[in-house]
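[1] Provided below are the primary sequence and the corresponding predicted coordinates.
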Amino acid sequence: MKVALGVDIGGTAVKAGVFSVEGALLAKTSFSSREPADEPANLRIARGVDAFLANTGVSDEDVLGVGIDVPGPVDSAGHAGVLPNLELDVEALQREAKITFPQANLVVVNDANAAALGELWQGAARDVDSFALVAIGTGVGGGLVADGRLVAGAFGAGGEFGHLVVNREETELCGCGRAGHLEQYASATGIVRAYLRECEKLGVAPVSLDGPTDTLSVFAACREGDKAAERAIAAMADYLGYALAQVSVVADPSLYLIGGGVSAGWDLFGDALQRAFQTYCFKSCTPARIAPAALGNDAALYGSAYLALA
């Protein structure tokens, strides 16, 4: 049976999956992208994928395409830029893949763009030609699909919604070195930071937090009536709705999908997000829908395999 292989490379872990050409996930695995630490990441990843395929019984000749997604910019020609959270020689990994799968179509894609393609193939954007995925976790990334095709951009920055400027008065810097970006307000980090500030304003103690990105505790507090949590989440929805309104007058997608770990609070901010978008958007864009993504943490895995089959 002919299959596609998706490889989703994160800062600490790698996921690999075998897919039928129809889009069924037949088998998947995960392993560390950092261990063993005494060998290059490209060799660790190649060895892990080889072991996975051996266990599934899939032969190298059965693989029609290999899709690799990485946590960093990838331009329209498939060249990866700097990966800030991972020391990986992407070109060396591509060479390893070509040796193992000489007959396969090999592609490299940004992880958030891959997640968008996954939702297009087998998720919440099936049969939707133009949509945007906003991936909200530690930071804010995304992917844009127009007329059924991924918009990566000339420099790989297509869909970098987290770096839209939403507050020109901000003095604190974003991780990219600029200020006032959506990522500073709508990410898990931003929500927790806003919550702590609201607690200070109200003169109340925050709930116990498991680190600077623990939105699950903030969401739980909101569900229990915590006013500081309510304010932080409302601010997040307002900033995000404003940002999506700006995207609409450039790309005009019919659907926005909200993915990543922060989507676990959809019940708390989904309606407010839709209202904010309607408040700020150009009148012609008001029919655009906003909904949660469907494939969870496997979306990029699906998307990288899908692109390899395209």
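    Structure's in. What do you need? Numbers count the residues shown, from 1 in each chain.
[2] quick check: closest non-adjacent residue to E87.
    A41 (6.0 Å; C-beta to C-beta, 6 or more residues apart in numbering). In short, each C-beta sits where N, CA and C put it, glycine included.
[3] and the one you found, what does it touch?
    By C-beta atoms under 8 Å, 6 or more residues apart in numbering, the contact set of A41 is S33, R34, L86, E87, L88, D89, L93.
[4] how about the CA coordinates for the host helix or strand of the last one, as CSV?
    Under the criterion of DSSP states H and E, L93 resides in helix 90-100. What follows is helix 90-100 as a C-alpha-only set of coordinates in CSV (Å, rounded to 0.1, in the frame of the first residue of the first chain):
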residue,chain,number,x,y,z
VAL,A,90,17.3,21.2,7.9
GLU,A,91,19.2,20.7,4.7
ALA,A,92,21.2,17.8,6.2
LEU,A,93,17.9,16.2,7.3
GLN,A,94,16.6,16.6,3.7
ARG,A,95,19.7,14.9,2.4
GLU,A,96,19.1,12.0,4.8
ALA,A,97,15.5,11.7,3.7
LYS,A,98,16.5,11.7,0.0
ILE,A,99,18.9,8.9,0.6
THR,A,100,16.3,6.8,2.4
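[5] so for the helix or strand that it is followed by, mean pLDDT?
    Going down the chain from helix 90-100, the next helix or strand is strand 105-110, by DSSP H and E. In this model, strand 105-110 has a mean pLDDT of 94.
[6] where does T279 land in three-state SS?
    Following DSSP: H, G, I helix; E, B strand; the rest coil, the label given to T279 is helix.
[7] hang on, the earlier thing: quick one: buried residues of the helix holding L93?
    By neighbour count on 16 or more other C-beta atoms under 10 Å, the buried set for helix 90-100 is V90, L93, Q94, E96, A97, T100.
[8] equivalent analysis for stretch 151-160, please.
    Neighbour-count burial for stretch 151-160 [16+ other C-beta under 10 Å]: V151, A152, G153, G156, G158, G159, E160.
[9] next, find the distance separating the third one from D69.
    What it means is G153. According to C-beta to C-beta, to the nearest Å, G153 stands 16 Å off from D69.
[10] now do R178
    25 Å.
[11] likewise for A276?
    The value you get for A276 to D69, if C-beta to C-beta is used, is 30 Å.
[12] the more surrounded of the two?
    D69 (31 against 23; other C-beta atoms under 10 Å).
[13] how about the more buried one, what does it touch?
    6-9, 108-111, 113-114, 300-301, 303-304.
[14] out of the residues you listed, which comes closest to S263?
    A300 (14.4 Å; C-beta to C-beta).
[15] who are the neighbours in contact with that closest one?
    Contacts of A300 (C-beta under 8 Å, 6+ apart): G6, D8, D69, D111, A112, A114, A115, G118.
[16] quick check: mean pLDDT across the host helix or strand of it?
    Using DSSP H and E, A300 maps to helix 299-309. Helix 299-309 carries an average pLDDT of 95.
[17] ditto for stretch 118-131
    96.
[18] what about that stretch, start to end distance?
    Taking C-alpha to C-alpha, to the nearest Å, the first and last residues of stretch 118-131 lie 12 Å apart.
[19] lowest-scoring secondary structure element of the chain by mean pLDDT?
    strand 149-150 (a mean of 89; mean pLDDT, DSSP states H and E).
[20] counting by contacts, list what the helix or strand following it packs against.
    Counting by DSSP H and E, the element after strand 149-150 in chain order, helix or strand, is helix 183-186. On a contact count with 3 or more C-beta pairs under 8 Å, 6 or more residues apart in numbering; DSSP states H and E, helix 183-186 meets helix 188-202, helix 227-251.
[21] and the host helix or strand of F269, what does it pack against?
    F269 is part of helix 266-280 when elements are defined by DSSP H and E. When contacts are defined as 3+ C-beta pairs under 8 Å, 6+ apart, helix 266-280 sits against helix 215-223, helix 227-251, strand 255-259, strand 289-292.
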